[in-house]
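> Here is a sequence with its predicted model. Questions after.
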Amino acid sequence: MRFVFVEELIKFAKKNKNVHLVTSDLGYRAFEKFVKIYPKRFLNVGVSENNMIGVAAGMAMNGKKVFVYSILPFVLFRSLEQIRNNVVHNNLDIKIIGAGGGFSYNVQGISHNTSEDISIARSLPNLSVYNPGSKIETKIIVNLMFKNKNPCFVRLGKAPDINFYKKEIKIKNNEGIILTSGKDLTIFTTGNIIENVYNAVKKLELQNIKIKLISLPILKPVNDNFILKHSSSSKIMSIEENVQIGGLGSLLTNLYFKFKINKKISFKSLSLEDKVHNQIGSQSYLREINELDEKSIMKNIKKFLNDRY
C-alpha cells in the first residue's frame, strides 16, 4: 500500500508546491522517486519521531501541507503527546501515515505490534482516521486526504493479492463499500483483514449462507446514515485487527445505542482481546492464534448463526 501512497503523493506534489514529506529514517525502496523529483521537499529527521512531529507542526503553521511517514507504533505511540498537543489541538494540515498496521511487523517483536492504534487515533479530536484494506481503497483514501485540510491518520498494511471490487469504486460522504450482498448476516470490516473476511464469505456462499459484506476504510468521521441503512439484518458482525474498545466494534455499538435502534439486533465483534499481545511471529500466524484467520472467521460466523449450517 505504501507504493500506492507514494505514487499518489508525487501526483499531488506536482499540483501543490506546498506538499512536503517528512520521515524518520524510513522509506527506502519507496521514496527514492519522490526524493529525485522533489529533493527540497523531503526531510529525513533520523530516528527521532517526536522531533518529526514537532518539525511537521512548525512547517504546517507556515503554510505547508505535510505528510509524515514512519512505522506505525513509532509515529503514533511514541509521538502521541506531540500529535495531541501540537497537531490536533491546533487542527494543523498534517497527514500521519503509519506503515505496518496490526500484526504486519510482529516478526520484529511486540514493539512493532499495533493492536490498539485505531482506538487511540479515533479518540483524538479533529483527527480523521482511515484504514484502507486494499490498493484501490488506499488510492481513494490518499486522494480524500489531499482535499482534507484537517489532521489525518492512516493505517497502512500489506495489500491483499485479490480484487474484491466488481466495478470502479468511489466513496461519497464518508460511506463504506458494499462488497457482497445477502440477508443472513451483515458484516462490517476495515483494513487489510478484509482479505480473510472476503474469502470466508465467498466460501460460505457455496454453503448457501448469504452475507452482506461492507468495507469501512473511513473510521472517523463515519456516515451514520450509511451504517444504519445497511444494518437491517437481525444479525450484525464486525471484524477487525484491532481491540474492540474504541475500534470498529465500539463504533457500531455506540451508533446503535445513540440512535436507539428499537428493532432486535444480535451483534458480535470479532476483534483482538483486551490484553497484551506479546506473541512473536508472522501476521498470518498471529491472526490464526487470535481467530482472525479465514478458517476461524468461517467457524465464528457459523456459530453466530446458531450452528444452523
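Good, I have the coordinates.
> give the contact list for the nearest residue to residue 124 once chain neighbours are set aside.
Counting by C-beta to C-beta, 6 or more residues apart in numbering, residue 88 is the residue found nearest to residue 124 once chain neighbours are left out, at 4.9 Å. (Glycine included, C-beta is placed from N, CA and C.) Neighbouring residues of residue 88 by C-beta atoms under 8 Å, 6 or more residues apart in numbering: 124-127, 151.
> Would you mind measuring from residue 88 to residue 245?
20 Å (C-beta to C-beta, to the nearest Å).
> Find the nearest non-adjacent residue to residue 276, please.
Nearest residue to residue 276 in three dimensions, chain neighbours excluded: residue 110, at 7.6 Å (C-beta to C-beta, 6+ apart).
> Pull up the gap between the most centrally placed residue in the chain and residue 17, please.
The centroid of the chain falls nearest to residue 131 when counting by C-alpha atoms, centre = their mean (1.5 Å). Remark: distance between residue 131 and residue 17 (C-beta to C-beta) = 30 Å.
> now residue 191
Remark: distance between residue 191 and residue 17 (C-beta to C-beta) = 33 Å.
> the more surrounded of those two?
Between residue 191 and residue 17, counting by other C-beta atoms under 10 Å, residue 191 is the more crowded of the two (28 against 11).
> where do the helices sit along the stretch 201-309 of the chain?
Along the stretch 201-309 of the chain, counting by DSSP state H, counting those that start in this stretch, helices occupy 224-229, 248-258, 283-289, 294-304.
> Which one of the ones you listed lies nearest to residue 62?
Within those, the stretch nearest residue 62 is helix 248-258; the backing value is 35.1 Å (C-beta to C-beta).
> pLDDT below threshold where in the stretch 151-300 of the chain?
262-263 (pLDDT under 70).
> show me where it has strands.
Ranges of strands in the stretch 151-300 of the chain, per DSSP state E, counting those that start in this stretch, are 152-156, 177-180, 185-189, 211-215, 218-220, 235-243, 266-272.
> need the contact list for the closest residue to residue 265 other than its chain neighbours.
Spatial nearest neighbour of residue 265, excluding adjacent residues (C-beta to C-beta, 6+ apart): residue 236 at 5.8 Å. Residue 236 makes contact with 185-188, 252, 265-268, according to C-beta under 8 Å, 6+ apart.
> now residue 236, which residues is it bridged with?
Residue 236 has the following beta-bridge partners by DSSP bridges: residue 186, residue 267.
> Pipe the strands of the stretch 151-300 of the chain into TSV and attach distance to residue 105 per row.
Output for these, formatted as TSV (distance: least, C-beta to C-beta, whole Å):
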stretch	distance to residue 105
strand 152-156	11
strand 177-180	26
strand 185-189	21
strand 211-215	23
strand 218-220	21
strand 235-243	13
strand 266-272	16
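> Pick the most buried one from the ones you listed.
Highest mean neighbour count among the strands of the stretch 151-300 of the chain (mean count of other C-beta atoms under 10 Å): strand 152-156, with a mean of 27.
> Alpha carbons only: can I get it in PDB?
Provided in PDB are the C-alpha atoms of strand 152-156 (Å, rounded to 0.1, in the frame of the first residue of the first chain):
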ATOM      1  CA  CYS A 152      -5.400  12.800   9.300                       C
ATOM      2  CA  PHE A 153      -4.200   9.400  10.400                       C
ATOM      3  CA  VAL A 154      -3.800   6.400   8.000                       C
ATOM      4  CA  ARG A 155      -3.100   2.800   8.900                       C
ATOM      5  CA  LEU A 156      -1.300   1.000   6.100                       C
END
